[in-house]
Every structure is written in structure tokens, then in C-alpha cells.
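1. Any chance you could fold what I've pasted below:
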Amino acid sequence: GQGRRSGATLRDESGWRSRWYPSASAGCLVLLIDQVTKWWALGTLDDGRIIELVWTLRLRLVFNTGAAFSQGEGFGPAIAVLIILVIVFLIRMGARTADPVSRIAVGVVVGGAVANLVDRALRSDDGFMGGAVVDFVDLQWWPVFNVADTAVVVGSIVIVWAGSRRERI
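-> Below you'll find the model as predicted:
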């Protein structure tokens with residue numbers, strides 16, 4: 001009786017771990033890389049310093065209190081709540097798929113979203129989630145972005161691609 005139930009629980013936990021470990025690891029890695037690069041940008045690109053790299057690519061510090069592409073300036077708290085709802089939706093969606101590629105992509109997107117939420121929470125002087133997201137990758141022909149933004153876009157593309165691949169099979 002009791003031994004079986006406990007053994008089943010351990011197997012279920014182990015299955016959960018093996019199923020979600022790659023996704024959670026990918027999300028944590030995105031969060032870590034994003035925060036380290038933002039820390040570097042804040043220390044290196046302060047006072048208006050610009051680092052020219054190649055062609056139109058340069059590094060330039062920008063603070064974004066809006067949503068993607070600096071739209072919605074001043075709506076940080078509302079944007080943060082919306083992002084939290086999207087994170088919950090993505091995790092629920094990832095839990096329903098058996099596709100490991102989709103689950104890892106969900107982890108990447110969630111890691112990027114959480115990284116930008118961390119900015120809104122920790123870089124705030126304007127109350128709940130009123131802080132600015134640190135952006136620093138400037139192509140000069142596209143809005144300035146960061147590692148988390150890249151992870152959200154690439155992860156979303158992979159989710160759509162994986163979903164369309166399953167539809168054709």
C-alpha cells in the first residue's frame with residue numbers, strides 16, 4: 001500500500017524532473033546571460049558611451065519603460081501584469097506538449113520574459129513594476145533590444161515552427 005504510493009510519487013517526480021529540467025535550465029540560462037549582459041552594459045555604456053562593432057551593429061544603453069519597441073511608455077505595471085499572464089499561459093501550454101523542442105522553447109521564452117520583468121521590478125522608482133528594461137543592442141535600423149528580447153523572439157519562432165511541424169505529420 002504505502003510503499004507503492006511513495007514509489008509512484010518518486011517516479012512521477014523523476015518523470016517531471018526529466019521532462020522539465022531542460023526547459024527550466026534553458027529559461028534559467030537565458031535569465032542569467034541576460035542579467036549578466038545588462039550588468040555589463042550598465043557599467044560599460046553609462047554616460048552615453050557607444051561601442052561600434054560591425055556594419056550597423058553597435059552597443060548603446062537605452063532604458064525602456066514601455067513594451068516591445070518602446071511602445072506603451074508609462075504603462076509598465078499593466079505591461080508587467082500582461083507578461084505574467086502570458087508566462088502562465090506558456091507554462092500551461094508547455095505542460096500539455098510531449099515535444100521536447102517546444103518545451104525548451106517555452107523555457108527560453110519564459111526565461112526572457114522573466115528577465116525583463118526582473119528589470120521592471122528591480123530598476124523601479126515608480127512603484128509596482130514601474131522600472132525600465134535595459135536595452136543595449138542597437139542595429140540602428142531596428143529598435144534597441146537585449147538578450148531577453150532575442151530569446152523571446154527566437155523561442156516564439158521555434159514554438160510556432162514546432163507546432164506547424166506537428167500539424168503536417
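2. so how far is the first residue of stretch 85-104 from its last?
-> From its first residue to its last, stretch 85-104 covers 19 Å (Cα to Cα, to the nearest Å).
3. Could I get the buried residue list for that stretch?
-> Within stretch 85-104, the residues that count as buried by 16 or more other Cβ atoms under 10 Å are 87, 90-91, 94, 97, 102-104. For every residue, glycine as well, the C-beta is placed using N, CA and C.
4. That one - what's its average pLDDT?
-> Taken as a whole, stretch 85-104 has a mean pLDDT of 85.
5. which residues sit against it?
-> Stretch 85-104 has contacts (Cβ atoms under 8 Å, 6 or more residues apart in numbering) with 19-20, 22-23, 26, 106-107, 109-110, 113-114, 158-159, 162-163, 166.
6. again, only using 10 Å
-> Applying Cβ atoms under 10 Å, 6 or more residues apart in numbering, the set of residues contacting stretch 85-104 from outside is 16, 19-27, 105-107, 109-111, 113-114, 117, 152, 155-156, 158-163, 165-166.
7. I'd guessed residue 147 sits against residue 30; true?
-> Yes. In this structure, residue 147 is within contact of residue 30 by Cβ atoms under 10 Å, at 7.1 Å.
8. okay, and the common contacts of these two?
-> 111-112, 115.
9. May I see those residues arranged in a markdown table, with pLDDT and neighbour count as well?
-> Below are these laid out as a markdown table (pLDDT from 0 to 100; neighbours: other Cβ atoms under 10 Å):
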| residue | pLDDT | neighbour count |
| --- | --- | --- |
| 111 | 96 | 27 |
| 112 | 95 | 26 |
| 115 | 94 | 26 |
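10. quick one: which of those residues is nearest to residue 44?
-> Distance to residue 44, by Cβ to Cβ, is smallest for residue 115 among the shared contacts of residue 147 and residue 30, at 18.6 Å.
11. what about the closest one, is that helix, strand or coil?
-> Counting by DSSP: H, G, I helix; E, B strand; the rest coil, the backbone at residue 115 sits in helix.
12. For the residue nearest to residue 122 when sequence neighbours are not counted, report the pLDDT, please.
-> The spatial neighbour of residue 122 that comes closest, neighbours along the chain excluded (Cβ to Cβ, 6 or more residues apart in numbering), is residue 131 at 6.5 Å. Looking at residue 131, its pLDDT is 77.
13. separation between residue 131 and residue 111?
-> Distance of residue 131 to residue 111, given as Cβ to Cβ, to the nearest Å: 19 Å.
14. ranges for the strands of the protein?
-> Using DSSP state E, the strands found in the chain span residues 50-54, 57-64, 133-138.
15. Great, nothing more from me.
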